[in-house]
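Novice: sequence below, structure please.
(one chain, ligands or ions: 1)
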Amino acid sequence: MSDTVETVDYTEMWEGLGLNVPAHCALLKAIGPAYESVYLSQENRPEGMGYFDFVMSEIHGLRIQELQDHKADGGTVIGTFCVYVPEEVIRALGGQSIGLCAGAEWAFPEVEQVLPRNTCALIKSFMGFKLGKVCPYIESADLVVGETTCDGKKKAYEVLGELHNTHVMELPQMKRPEDRALWRSEVDRLVAELEQLSGRTLEADDLKAAIKEVNDKRRALQRLNAARAASAAPISGKDALLAVQVAFYDDVPRFTQMVNAIADELEARIEAGVSVAPADAKRILITGSPMAIPNWKVHHIVESAGGVVVAEELCTGSRYYDTLVPEDGETVEEMLEAITDKYLGVNCACFTPNEARVDDILRMAEEYKADGVIHYALQFCGPYQFEGFTVEKALREAGIPVLKVETDYSMEDAGQLSTRVEAFLEML
Ligand code: BJ8
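Specialist: Next up, the predicted model:
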């Protein structure tokens, strides 16, 4: 992508996808200014973030056009909502894996006619985008792959399944050998579904190449995030969060190259002692429910209050990029075994017990020199609200200050949240 691309009218493409074009334009009109005020108002951003400004300006334009071109060339587009869905398998079978829109309030009154009101904002959001016909990603998707994680998602996929071609993977809720065997069989079932959809057979060479490409993407994110451990923060938390959010739907090799370029820049900034935050800015680790694009609310509040977010133990954070699939497998069987283990290793609150997540948080708090931790749970997100107690207890025992926040996508509580965050930062 170049930053000199002329403005293109995508209306015909959006109409072809069956979008409600006036409603869709209203959505874009809301996201543009939000991005400007949250992102473009920052000072001293790494130059490489210009790529993400461009990606955001074309979020429903050029990238959607690329997906249509990919489909015209015989490829598939596969929508996902969870980091457990193995994107290596999707890529190896000619698919583009796309994390679907789920980070903004849209058509909630319509959603509440098909889902209970006390459903988390993330689920309501993806259902609102579908019912309101404003998401070109889901309308481009040949298949949506869901998973049996929390109860809300499980049941929402039943409703979504009536509106869109949907495949649900059964994710076990424990990590015993018999659970692993179930998950292994679910990986096979996904392979079979994608083979049928694409008309291809999973080949070892393709799977090996896909593992390498996705690992390279995660390695680039690891580099970018490792730079945030420096005492002088070389990048804001908002910018680092955006990079992971975009990782779910951007072209993989291009994204990897761009993130590596930012990592180069951050490493040079560390050498030169360049920081985006004052030396005494309090360093915050955020953990909890995922923050899908354009949910930047808590990061924006923390950084507007003078803190700096240095790490995220989130699915839009370390849970996405921390672990890789070993690259030494040669047969399809060996590689699917490795994929099974890598994904079952993610520590989501849907699992019980889930002590490894607490270990991850404690390790990250130390690695990133966090002064305090914010535990973020979406309202009605039972798994993360429940684990909030365990996490808080472990952090207090370790002597690490913690603030628990429960919120949604509306800005109604922004003032109250800011006050709590300011008080927390002052106390650190
Ligand atoms: S691996 S966190 S992406 S399931 S916020 S819908 S948990 S009620 S999204 Fe998730 Fe996969 Fe786990 Fe990550 Fe339910 Fe909570 Fe809503 Fe959630």
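Novice: hey, where'd the helices end up in the stretch 201-350 of the chain?
Specialist: 204-226, 237-247, 252-272, 297-304, 318-321, 332-344 (DSSP state H, counting those that start in this stretch).
Novice: what's the answer for the stretch 51-200 of the chain, then?
Specialist: 62-72, 87-92, 108-111, 121-131, 136-140, 151-163, 177-198.
Novice: turn these into TSV, columns for mean neighbour count.
Specialist: Any C-beta I mention is one placed from the backbone N, CA and C, and that applies to glycine too. Shown next, in TSV, are the helices of the stretch 51-200 of the chain (neighbours: other C-beta atoms under 10 Å):
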stretch	mean neighbour count
helix 62-72	16
helix 87-92	25
helix 108-111	17
helix 121-131	25
helix 136-140	22
helix 151-163	17
helix 177-198	16
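Novice: for those helices, which one sits closest to Y384?
Specialist: Of all those, the one in closest proximity to Y384, counting by C-beta to C-beta, is helix 121-131 (10.8 Å).
Novice: check contacts around the residue nearest the centre of the chain.
Specialist: The chain has T316 as the residue nearest its centroid, 3.4 Å off, counting by C-alpha atoms, centre = their mean. Neighbouring residues of T316 by C-beta atoms under 8 Å, 6 or more residues apart in numbering: 241, 244-245, 248, 290-292.
Novice: same deal with V309?
Specialist: V309 touches 236-238, 240-241, 284-286, 299, 302-303, counting by C-beta under 8 Å, 6+ apart.
Novice: again, but for L182
Specialist: Contacts of L182 (C-beta under 8 Å, 6+ apart): 170, 172.
Novice: pull out the buried positions in stretch 203-211.
Specialist: For stretch 203-211, burial by neighbour count (16 or more other C-beta atoms under 10 Å) applies to 206-208, 210-211.
Novice: likewise for stretch 38-55?
Specialist: 38-39, 45-46, 48-49, 51-55.
Novice: same deal with stretch 275-288?
Specialist: Result for stretch 275-288 [16+ other C-beta under 10 Å]: buried residues 275-277, 281-288.
Novice: show me what from the stretch 1-150 of the chain comes close to the ligand.
Specialist: Residues of the stretch 1-150 of the chain found near the ligand (C-beta under 6 Å from any ligand atom) are 82-84, 120, 122-123, 149-150.
Novice: which stretches of this protein aren't confidently modelled?
Specialist: Applying pLDDT under 70 to the chain flags the ranges 1-6.
Novice: so L285 touches L362, yeah?
Specialist: No - L285 lies out of contact with L362 (C-beta atoms under 8 Å); the separation is 10.0 Å.
Novice: sorry, back to before: what's the farthest-apart pair in the buried residues of stretch 275-288?
Specialist: Farthest apart among the buried residues of stretch 275-288 by C-beta to C-beta are S275 and G288. That separation is 26.1 Å.
Novice: wait, isn't A209 in contact with A92?
Specialist: Yes - using C-beta under 8 Å, A209 is in contact with A92, at 7.4 Å.
Novice: neighbours around the residue nearest to T149 when sequence neighbours are not counted, how many?
Specialist: Leaving out its chain neighbours, the residue that sits closest to T149 by C-beta to C-beta, 6 or more residues apart in numbering is C350, at 4.3 Å. Neighbours of C350 under the rule other C-beta atoms under 10 Å: 23.
Novice: just how off-centre is stretch 122-130 within its chain?
Specialist: 15 Å (C-alpha atoms, centre = their mean, to the nearest Å).
Novice: what lies in contact with that stretch?
Specialist: With C-beta under 8 Å, 6+ apart, stretch 122-130 has contacts from 81, 100-108, 110-112, 114-115, 135, 138, 152-153, 156, 159-160, 163-164, 289-290, 292, 378, 381, 409.
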